[in-house]
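Asker: below are the sequence and a predicted model; questions follow.
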Amino acid sequence: MNIYLASPLGFSPETKSYLEKVKDKLKSLGHDVFDPWEQDHFAGRIEQAFRIESFHARVEEFRSIASGIGEINESGIIACDGLLAILDGAEIDSGTAGEVGFASALGRKCYGLRTDIRDCGDFVGIPINLQILRFIERSGGCLFRCIDDIRL
C-alpha cells in the first residue's frame, strides 16, 4: 500500500529521528511511503528567495514556491492508498489537519498516530480535535498511541 505520511516533523532537525522511526515501521509492514519532507524540488529556490532584497519580490517568490510545494503534496495524497498523520503536540498541526481532511474527502483510509499523553480534544476523553477524529474514523482508519501499535 502507498502511504502518505502527514506530519510537521520536518520543520525541526531534532524531530527527524522520530519521523524516521515511523517511516521504518511503515516500511517494515511492506508499505511504500510518500514523505512530503523528502520532496526537495524547491530547496534551491527557497535558499535564493531568502536572499531577495525586495520585500514584495521575496513575497511573490515564496508564494510561487508554496504553490509548487502544495501541488506536490496534493499529488502525493491523490496517488496514495492511505494516509498516516502524526498528531502529537498541544494542538494538531494545521497543515497535517488539512492533509487528513483532503485525503478523507478523496475516500482514502486515514490513520492517526498520537504518542503525546495529553488529550487535545474538544471534550473530556477525546484525544484529538473532534473533526480530525471523525475524518479518521469515517474513513475506516483508527488512532494509534505508539509506533509499535501501527497496523495498516
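Answerer: Sure thing, it's come through.

Asker: next up, the contacts around the residue nearest to residue 22 when sequence neighbours are not counted.
Answerer: Among residues not flanking residue 22 along the chain, residue 147 sits closest, at 6.0 Å (Cβ to Cβ, 6 or more residues apart in numbering). C-beta here means a position set from N, CA and C on the backbone, and glycine is covered the same way. Contacts here follow Cβ atoms under 8 Å, 6 or more residues apart in numbering; on that basis residue 147 touches 21, 22, 25, 113, 115.

Asker: how far off centre is the helix or strand hosting the third one?
Answerer: Put plainly, it is residue 25. With elements taken from DSSP states H and E, the one containing residue 25 is helix 16-28. Using Cα atoms, centre = their mean, to the nearest Å, the distance from the centre of helix 16-28 to the centre of the chain it belongs to is 13 Å.

Asker: what mean pLDDT does that helix get?
Answerer: Within the predicted structure, the mean pLDDT of helix 16-28 is 97.

Asker: before we move on, what about stretch 31-40?
Answerer: With pLDDT averaged residue by residue, stretch 31-40 scores 94.
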